[in-house]
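Enquirer: Sequence unavailable; structure follows:
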């Protein structure tokens, strides 16, 4: 097919859609104008914006074909070598996912074909665009599986999940090589971690989901998600932080904008539990838990892992107790620890040993003197209140340094003459 024929076919399609869909005529005429002027970058960005508005711009052609699919096949693919490859992959993704809502294509076969065919041009796409397409293909498979309602233990489900896991493991080193400074990197990271967290949401464990989800939040503009998607993400992230084994960095979650959508809802207690945990406030955590006991019973994960959550909050109380002390005053008595973490005196030794074994703190314990001397505490994200307290301590430290400097300057002569 000659270049002239390709151009004619593309323009004819856009003009027919402009006539067929009068309310979208302005958008189609804009695409025609950009195509005729060969402004390929502007054309692809306008197309990307167009296909991202599925609720208002997705229609059918005169032949009854998905309009996005037709636009992709007749306008975008014929000029695929002239346009940004990541933008091409993003357009392909929107087109593929739009087919899942089309009754004849709900099985995902046609949707998968779009991304699979694109990936046959891997060398042309380059690492970033290829990884993006692979990630979206994996998410597409997980979406089809979730919508089917099929049990995860069936042969077909297990095969689909294994395929997704393999793609994630294969893509992770490629992702690591993408420099964060590249403008396209955030888009690829977001797509990769969305697929990874969706996979972990299906198969677990919660700590693995947490690690992927917190990365997704870091690389994603959450305003682009629907309200339901933000609500679901905030709920899942909160539950994973509370119940995930080895997840102690609650400040990282509390400060995440994703949790804001839970405020004022029936699940706002999750944010309160996390905030109390981040402060190491055992009694505050228990108050929130007691006042929301009925709601908590509706969360199977919290109920089944209640003891693990209780242990986690106890350990966080010890971590915060150490953090709140000046670095030269970190010899803690068992009695003080008992009061702070809310356990009987005879259980304090176990709490300390547990914290040491998990590398939450480092130090030495004196069982005779009933004390622990802490030399290091786990680094973690701080809440705004903890940052304020830390700033105050820095100010006090600066004053001490200044006084020491003044003393040394005043007595340097006397010290040297001794």
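Expert: Everything's here; your move. Note that the structure is a prediction, hence the values are computed from the model and not measured. Residues are numbered from 1 along each chain as shown.
Enquirer: Give me the buried positions along stretch 195-202.
Expert: Within stretch 195-202, the residues that count as buried by 16 or more other Cβ atoms under 10 Å are 195-202. No exception for glycine: its C-beta is placed from N, CA and C like everyone else's.
Enquirer: Now pLDDT and distance to residue 47 too, for these, in JSON lines please.
Expert: Shown next, in JSON lines, are these (pLDDT from 0 to 100; distance: Cβ to Cβ, whole Å):
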{"residue": "195", "pLDDT": "98", "distance to residue 47": "23"}
{"residue": "196", "pLDDT": "98", "distance to residue 47": "28"}
{"residue": "197", "pLDDT": "98", "distance to residue 47": "28"}
{"residue": "198", "pLDDT": "97", "distance to residue 47": "26"}
{"residue": "199", "pLDDT": "98", "distance to residue 47": "29"}
{"residue": "200", "pLDDT": "97", "distance to residue 47": "33"}
{"residue": "201", "pLDDT": "96", "distance to residue 47": "31"}
{"residue": "202", "pLDDT": "95", "distance to residue 47": "32"}
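Enquirer: Looking at those residues, which are in helices?
Expert: Taking DSSP state H as the definition of helices, these contribute 195-202.
Enquirer: From these, pick the one nearest residue 136.
Expert: Nearest to residue 136, judged by Cβ to Cβ, of these is residue 195 at 7.4 Å.
Enquirer: Hmm, the closest one is touching residue 164, no?
Expert: Yes. With contact defined as Cβ atoms under 8 Å, residue 195 counts as touching residue 164 (7.1 Å).
Enquirer: and for these two, which residues touch both?
Expert: Both residue 195 and residue 164 are in contact with 138, 142, where contact means Cβ atoms under 8 Å, 6 or more residues apart in numbering.
Enquirer: on that earlier part again, just send the ones in helices among the buried residues of stretch 195-202 back as CSV, with distance to residue 213 too.
Expert: Putting those into CSV (distance: Cβ to Cβ, whole Å) gives the following:
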residue, distance to residue 213
195, 12
196, 9
197, 4
198, 9
199, 11
200, 8
201, 8
202, 13
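Enquirer: for these, which one is nearest residue 314?
Expert: Using Cβ to Cβ, residue 200 comes nearest to residue 314 of these, at 26.5 Å.
Enquirer: shaky segments in the stretch 1-150 of the chain?
Expert: 1 (pLDDT under 70).
Enquirer: Show me where it has its strands.
Expert: With strands called from DSSP state E, counting those that start in this stretch, the stretch 1-150 of the chain shows none.
Enquirer: Spell out the residue ranges of the helices in it.
Expert: With helices called from DSSP state H, counting those that start in this stretch, the stretch 1-150 of the chain shows them at 3-20, 25-36, 40-51, 54-57, 67-71, 85-99, 109-119, 122-148.
Enquirer: What is the helix or strand that the last one is followed by packed up against?
Expert: Using DSSP states H and E, the next helix or strand after helix 122-148 towards the C-terminus is helix 155-177. Using 3 or more Cβ pairs under 8 Å, 6 or more residues apart in numbering; DSSP states H and E as the contact criterion, the secondary-structure elements in contact with helix 155-177 are helix 122-148, helix 185-203.
Enquirer: Any idea which of the helices of the stretch 1-150 of the chain gets closest to residue 339?
Expert: helix 122-148 (47.7 Å).
Enquirer: in the closest one, what counts as buried?
Expert: 125, 128-142, 144-145.
Enquirer: Ends of stretch 298-315, what's the gap?
Expert: Start and end residues of stretch 298-315 are separated by 26 Å (Cα to Cα, to the nearest Å).
Enquirer: for the stretch 251-400 of the chain, what spans make up the helices?
Expert: Going by DSSP H, counting those that start in this stretch, the stretch 251-400 of the chain shows helices at 268-279, 282-291, 293-296, 300-304, 306-324, 334-341, 348-357, 384-417.
Enquirer: show me what contacts residue 215?
Expert: 189, 193, 196-197.
Enquirer: what's the spacing between it and residue 196?
Expert: Residue 215 sits 8 Å away from residue 196, going by Cβ to Cβ, to the nearest Å.
Enquirer: Residue 340 too?
Expert: 37 Å.
Enquirer: now residue 221
Expert: 18 Å.
Enquirer: With residue 127 instead?
Expert: 17 Å.
Enquirer: next one: residue 227
Expert: Counting by Cβ to Cβ - residue 227 and residue 196 are separated by 23 Å.
Enquirer: Residue 150 now?
Expert: 21 Å.
Enquirer: and if you look at residue 219?
Expert: 12 Å.
Enquirer: Which helix or strand contains the most centrally placed residue in the chain?
Expert: In the chain, the residue lying closest to the centroid (Cα atoms, centre = their mean) is residue 216, at 2.3 Å. Using DSSP H and E, residue 216 falls within helix 206-219.
Enquirer: Downstream of that helix, the next helix or strand is which one?
Expert: Assigned by DSSP H and E, the successor of helix 206-219 is helix 227-243.
Enquirer: what angle do that following helix and helix 206-219 make?
Expert: 130 degrees (axes from the mean of the first three to the mean of the last three Cα atoms, to 10 degrees).
Enquirer: Quick check: buried residues in stretch 152-162?
Expert: 160-161.
Enquirer: nope, stretch 251-264 is what I meant
Expert: Buried, per 16+ other Cβ under 10 Å, within stretch 251-264: 251-254, 256, 258-259, 261-262.
Enquirer: Report the two of those separated the most.
Expert: 251 and 261 (19.0 Å).
Enquirer: Okay, and the beta partners of residue 66?
Expert: residue 60 (DSSP bridges).
Enquirer: if I pick it, what's in contact with it?
Expert: 58, 60, 95, 98-99, 102, 105.
Enquirer: surely residue 28 meets residue 21?
Expert: Yes. Contact criterion Cβ under 8 Å: residue 28 and residue 21 qualify, at 7.3 Å.
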